[in-house]
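> Got a predicted model here, sequence first, then my questions.
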Amino acid sequence: MKWHLEGMGLRGVLVASLLEQWGVDFSWCDIGDHFCAWPASTGTVLPNDPGYRLWMRGTWWPGIWERAQWWKWTNGKPGAADHEVSLHCNVPNLVQTVRERNISRYHAFPEKGQPVLITHGFDACKWYVWGWSAQVQGPGGDARKAYTVRKGRTEWYAYPLAGTNTYLAGTAHAVQRLGKARQLDAEAHLLRWLDRVPPLLGVDFRPLGPAKQGWRPQPKAEDLTLEGKVRQVAVGPTLSAELPGGRWQLRPGGARGLAGFPELIPRIQEVVRGSST
């Protein structure tokens, strides 16, 4: 059975890579909206993230990760998480690579009766979470550090950008109302970051380019209880071996984003492969 992926951001390319590994045929589309998350994503999975252990022992996409020493600083002092291992993926590069590799599979719309897997979260979200990131030059070496810095209520970070010798700078995110997504002054955030973070860490960081902005969809409250299941949406024919079609929505539950994705893999496999029997 041939599936159609609706959305080819981070979640979409992860699903597409799985289907490639499993030998499952698919097509894909993406509306190319400016208000999306992946261009500014840090691609970071920290030791306190729900899916961290699954990523650490998993065999999915071994070449996309860089490991770093996670340094967590609170009010200028190293915290209890100091020197644990964090994982970092170059999300913009991953998205562009998978899209280019599968460009021949692009179709603006699914075929009649083709089952659709919705691999974005913008049709079932309650609000947007705005964030920014910017490439900065920092310390090199074979084992780089990933910095999370908290002072009072403010949190900053500097995470390695995998496959490069640079870092991604950023701060905690801001909530924006549904339908009210807007650009903020990311350059002002970057200037504040450069003014405060290097002195706190005692590390020299230099800007390399303009800051990028991203908008991550936050699921509705009721979706957080679904615990990473793949759930059929009551639109079109029922998905079955006799009558394919139908639309399926990934519901990441409490462990969202890159960190929580491994929890979805068994359900994706069950639905995609089960539909072919």
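Looks like it arrived, so ask away.
> alpha carbons only for contacts and neighbour counts from here, please
Will do.
> Count the neighbours of residue 185 for me.
By other C-alpha atoms under 10 Å, 10 other residues sit near residue 185.
> so where do the helices sit in the stretch 151-277 of the chain?
186-201, 257-260, 265-274 (DSSP state H, counting those that start in this stretch).
> Residues contacting the helix or strand hosting residue 130, please?
Applying DSSP states H and E as the criterion places residue 130 in strand 125-137. Contact with strand 125-137 is made by 40-42, 165-178, 181, 186, 190, 205-221, as judged by C-alpha atoms under 8 Å, 6 or more residues apart in numbering.
> Neighbouring strands of that strand in the sheet, and parallel or not?
Using DSSP bridges, strand 125-137 pairs in its sheet with strand 166-171 (antiparallel), strand 174-177 (antiparallel), strand 206-207 (antiparallel), strand 212-219 (antiparallel).
> quick check: mean pLDDT across stretch 141-148?
For stretch 141-148, mean pLDDT rounds to 86.
> and that stretch, which residues are buried?
Across stretch 141-148, burial judged by 16 or more other C-alpha atoms under 10 Å covers 144-148.
> What of stretch 111-121?
114-121.
> Neighbours of residue 196, how many?
When neighbours are defined as other C-alpha under 10 Å, residue 196 has 12 of them.
> Quick one, grab the pLDDT at it.
So, for residue 196, pLDDT stands at 92.
> Check residue 255 too.
In this model, residue 255 is scored at 47, pLDDT.
> Equivalent analysis for residue 62, please.
For residue 62, pLDDT reads 65.
> and residue 129, how many neighbours?
Using other C-alpha under 10 Å, residue 129 has 19 neighbouring residues.
> would JSON lines of the strands paired with strand 125-137 with distance to residue 56 be doable?
JSON lines is the format used below for the strands paired with strand 125-137 (distance: least, C-alpha to C-alpha, whole Å):
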{"stretch": "strand 166-171", "distance to residue 56": "21"}
{"stretch": "strand 174-177", "distance to residue 56": "29"}
{"stretch": "strand 206-207", "distance to residue 56": "31"}
{"stretch": "strand 212-219", "distance to residue 56": "24"}
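> and among the ones you listed, the most buried is which?
Mean neighbours per residue, mean count of other C-alpha atoms under 10 Å, is largest over these for strand 166-171, with a mean of 25.
> orientation of it relative to helix 186-201 in degrees?
Going by axes from the mean of the first three to the mean of the last three C-alpha atoms, to 10 degrees, strand 166-171 is angled at 100 degrees with respect to helix 186-201.
> And strand 166-171, how far out from the chain middle?
Relative to the centre of its chain, strand 166-171 is centred 15 Å away, using C-alpha atoms, centre = their mean, to the nearest Å.
> how about it as PDB, C-alpha atoms only?
Output in PDB follows, covering the C-alpha atoms of strand 166-171 (Å, rounded to 0.1, in the frame of the first residue of the first chain):
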ATOM      1  CA  THR A 166      29.400  26.000  15.100                       C
ATOM      2  CA  TYR A 167      26.800  26.300  17.900                       C
ATOM      3  CA  LEU A 168      23.100  27.300  18.000                       C
ATOM      4  CA  ALA A 169      22.300  30.100  20.400                       C
ATOM      5  CA  GLY A 170      18.800  30.600  21.700                       C
ATOM      6  CA  THR A 171      16.500  31.300  24.700                       C
END
